[in-house]
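**Q** Mind looking at a prediction? Sequence and model below.
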Amino acid sequence: MLKNYFRKKPLSSIMSDIESGYSDGETTEAGSTGLKKILGVKDLTFMGIAAVIGAGIFSTIGEASFHGGPGVALLFIITAITCGFSAMCYAEFASRIPVSGSAYTYAYASFGELIAWIIGWDLLMEYAIGNIAVAISWSQYFTNLLEGFHIHIPEYLTMDYLSAFRAHERVAELTRLGNTADITPMLQRQALGWTTAPGIGHIKLIADIPALAIVIAITYLVYVGIRETKRATNAMVMLKIGIVIAVIILGFFYITPANWSPFMPNGFRGVMRGVSGVFFAYIGFDAISTTAEECKNPQRDLPKGMIYSLVICTVLYILIALVLTGMVSYKELAVGDPLAFVFERVGLKQISYVISVSAVIATASVLLIFQMGQPRIWMTMSRDGLLPRAFSRIHPKYKTPSFSTIVTGIVVAVPALFMNLTEVTDLTSIGTLFAFVLVCGGVLVLDKDTQRQPGRFRMPYINSRYIVPTLLIVLVVIFWEPLKTLLTYSGDWHTYKDNLPYFLFIILAAVIAILCVVKKLSLIPVLGLLSCFYLMTELGYTNWLRFLIWLGLGLIVYFSYSFKNSRLNKAG
C-alpha cells in the first residue's frame, strides 16, 4: 500500500500524454489539442526578468538595505549563486520533461505521486500568496502615483483591515506616551484609513480596491492568450529595464562613498535578515518552467531563458543596491519606495515621479507572469487526476487553461482586498525555497534513471565525494562559536524557537555529506539543495509553522480526493 503513494509517472507516459492531448477538457471545438507553441529564448528571458525585476527592486530592497547596509549587495550574490544552482536543476528537468507543471511534474517523475502532490500544493500557495503580495504592492505604488497628479483615493479603499487597525492602535499608544515624533507618515496614513472608514464600531469597510482592479485586469489578459501576454510582457520589460539602467547611471553621479562605511553595520546576520524580501522576487524561474508546452523548442530554449534572466537580474540588483546605499545612508532606507525616495532625497523630485511610473509597470508585469504560471500548475495536476477535470479545460478560441485562470483570478483577487503585505512575503519565500529544494533533490534521483539526449541542455557532473564533506568541515570550523550558541538553550522559548529550523539543516547536511561519499552525488544539485534549505532556516519558526499547516491541509485533500482519483491509481 505504501508504495502506491510513491508511484512515479514514467517519462514516456508524460511525453505521450502531451503529444496525444489525452484530456477531454483539452480538446478544442476545432478538434486540435494543446497550447500555442510561440515562445522563444528572448520571450522566456523577458518573462524571467519580468518576474524577478519587480517588487524586489522597487520595494523590498529598501527594507533589506536598512538591515544589511551596503553589504546587502552580498545577499544578492548569495541569492544569485543559490538560484544559479537551482536554475541549472530546473534547466536539466526542463530539457528532459518539456511540459507544463514545473516542479510538480519533475517531482512526479522523480520522487513519486505523494511528493509531487506536496510540491504542487506548495506551488499553489506560493503563487497565490505571491500574487496577492504583488497586487498589494502594486496598489501602493499606484495610489502614490495618483497622489502625484492630485488624484486622491480615500485611505480606507487602499489598504487592508489589519494594517489600518494596527496603525490606529499604535498611533493612539504613541500619542498617549507623548512620542508623537515616532509617528511616521505611513503610520499616520494607515491610522487615518481606520478613523475615516465607514462602519459600525470596530466593523469597518476597509479594502484594497486598486489591488482588486489590477488582478481583474491581469487575469483577463492572461485569459485571452499567451500571445497577448507575451507582447505585454516584452513591452513592459524593455521599459522597466531602461528605467533601472537609467537610475543606475544617474544615481552613480550622486554617490557619496562615505555612505558605504560601515559595509555591514549589523554584521552578516543583518545582511541575511533581508533574505525573505530578496528571495521573494526569484520565483520567476519557476514561472518560466510552467510555460514549457508553449515553447517552440523547450529543451534548448528553457535553460537559456532561465540562466540569461538570472544573470541579467542579479547584475541589476547588485548595482541598484550599491547605488541606493551610496546615495543616502542605509539608515534612511526603511521605506516602501526606496528608488523614488533616494532621488527625492537628493533633490531630483521629477526623477522620482518617473520611477513611480516604472514601479507601477514593473509590478504589473510580475503579477502578469505569476498569474500565467499558476493556472498551468492547476491544469497539469488536473490532467493527472489529482484535481477535478475542469481545471485542465483549454479555451476553444484562446487556447489557454480557461477555468484554471478564472479560479486563479478569484483566489488572488478576494484575499488581495484584505490581506497584509508583511504577512505574506515570508510565506511566499519559504514556499519558493521548498520548491527549489525538491527540484535539486529530484535531479539527484532522476539522474540515474534517464538517458541523456544529444542537443539538449546538460548539467555538468562534478563528483561531490570529497568536496561536500570538506566544505562542511571548513564551515563548522569557521562558524564554531555561533554553533555552540545555537546548541545552548537559554530557557527563553520565545527567542530560542527560531533556532529549531537550523537543527533540521544540520541533520540534512550530515546525511547529504554521507550520501556524497557513498553515492558520489553530483555537486551542483547537492549545493543547490543545501543552500536553499539553509535559506529556509533563516525564515524562522513562525513561517515554518504556517508552511507546515498549509501542507497538512494539502495532505487532507490528497487522501480524501486525489489519491483515489489519480490516473495512475485507476490505471494500476
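**A** Nice, I can see it.

**Q** Now do the contacts for residue 86.
**A** For residue 86, the contacting residues are 285, 436, 439-440, 528, 532, taking CB atoms under 8 Å, 6 or more residues apart in numbering as the criterion. Glycine gets a C-beta too; all of them are placed from N, C-alpha and C.

**Q** What strand or helix carries it?
**A** The secondary structure element spanning residue 86 is helix 72-96 (assigned by DSSP states H and E).

**Q** ok, residue 332 - how many residues close by?
**A** Other residues lying near residue 332 total 18 when counted by other CB atoms under 10 Å.

**Q** picking up where we left off before, quickly name whichever of the contacts of residue 86 is closest to residue 511.
**A** When these are compared for distance to residue 511, the smallest value, 14.4 Å, is given by residue 440; criterion: CB to CB.

**Q** Quick check: next helix or strand after the helix holding residue 86?
**A** Following helix 72-96 in sequence order, the next helix or strand is helix 103-110 (DSSP H and E).

**Q** Which strands and helices lie in contact with that following helix?
**A** Using 3 or more CB pairs under 8 Å, 6 or more residues apart in numbering; DSSP states H and E, the elements in contact with helix 103-110 are helix 11-20, helix 72-96, helix 113-148, helix 349-383, helix 421-446.

**Q** C-terminal to the shortest one, what's the next element?
**A** It stands for helix 11-20. Scanning forward in sequence from helix 11-20, with DSSP H and E defining helices and strands, the next element found is helix 41-52.

**Q** Helix 72-96 and that next one, what's the angle between them?
**A** 140 degrees (axes from the mean of the first three to the mean of the last three CA atoms, to 10 degrees).

**Q** Just the buried residues of helix 41-52, please?
**A** Neighbour-count burial for helix 41-52, counted by 16 or more other CB atoms under 10 Å, picks out 41, 43-52.

**Q** Dump those to a markdown table, plus pLDDT.
**A** Putting these into a markdown table (pLDDT from 0 to 100) gives the following:
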| residue | pLDDT |
| --- | --- |
| 41 | 81 |
| 43 | 79 |
| 44 | 81 |
| 45 | 82 |
| 46 | 79 |
| 47 | 75 |
| 48 | 78 |
| 49 | 79 |
| 50 | 72 |
| 51 | 71 |
| 52 | 75 |
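
**Q** From those, pick the one nearest residue 133.
**A** residue 51 (13.0 Å).

**Q** Quick check: buried residues in stretch 316-335?
**A** The neighbour-count check on stretch 316-335 (16+ other CB under 10 Å) flags 316-330, 332-335 as buried.

**Q** if we look at it, which residues are touching it?
**A** Contacts to stretch 316-335, defined as CB under 8 Å, 6+ apart, come from residues 53, 56-57, 61-63, 65-66, 68-70, 72-73, 76-77, 80, 241, 244-245, 247-248, 251-252, 254-257, 259-260, 265, 278, 338-339, 341-343, 345-346.

**Q** Contact partners for residue 5?
**A** Taking CB under 8 Å, 6+ apart as the definition of contact, the neighbours of residue 5 are 112-114, 563.

**Q** To which secondary structure element type does it belong?
**A** Classification of residue 5 into helix, strand or coil gives helix, according to DSSP: H, G, I helix; E, B strand; the rest coil.

**Q** got it, and the one 3 residues further on?
**A** Secondary structure state of residue 8, per three-state DSSP, is coil.

**Q** Please tell me how far the nearest residue to it once chain neighbours are set aside sits from residue 438.
**A** Setting aside the residues directly before and after it, residue 8 is nearest to residue 112 in space (CB to CB, 6 or more residues apart in numbering), at 4.9 Å. When distances are taken as CB to CB, to the nearest Å, residue 112 and residue 438 turn out to be 12 Å apart.

**Q** Return the backbone torsion pair for the residue nearest to residue 8.
**A** Note on residue 112: its backbone torsions stand at phi 110, psi 180 [degrees, to the nearest 10].

**Q** circling back: out of residue 112 and residue 438, which sits in the busier spot?
**A** For residue 112 against residue 438, the residue with the higher neighbour count under other CB under 10 Å is residue 438, and the figures read 24 against 19.

**Q** And the pLDDT for the more buried one?
**A** The confidence metric pLDDT takes the value 84 at residue 438.

**Q** same question, residue 503
**A** 85.

**Q** Just the buried positions in the helix or strand encompassing it, please.
**A** Under the criterion DSSP H and E, the helix or strand holding residue 503 is helix 500-519. Neighbour-count burial for helix 500-519 flags 501-502, 505-506, 508-509, 512-513, 515-516 (criterion: 16+ other CB under 10 Å).

**Q** And the helices in the stretch 201-350 of the chain, which stretches?
**A** In chain order, the stretch 201-350 of the chain shows helices spanning 209-224, 226-252, 267-272, 275-279, 284-289, 298-327, 338-345, 349-383, with DSSP state H, counting those that start in this stretch as the criterion.

**Q** and residue 548, which of these is closest to it?
**A** Between residue 548 and these, the shortest separation by CB to CB is 17.2 Å, and it involves helix 275-279.

**Q** and that closest one, average pLDDT?
**A** Averaging pLDDT along helix 275-279 yields 67.

**Q** Let me know the pLDDT of residue 56.
**A** Looking at residue 56, its pLDDT reads 63.

**Q** Likewise for residue 171?
**A** Confidence at residue 171, expressed as pLDDT, is 87.

**Q** Also residue 409?
**A** The predicted structure scores residue 409 at 87 on the pLDDT scale.

**Q** Likewise for the one 3 residues further on?
**A** Note on residue 412: pLDDT of 87.
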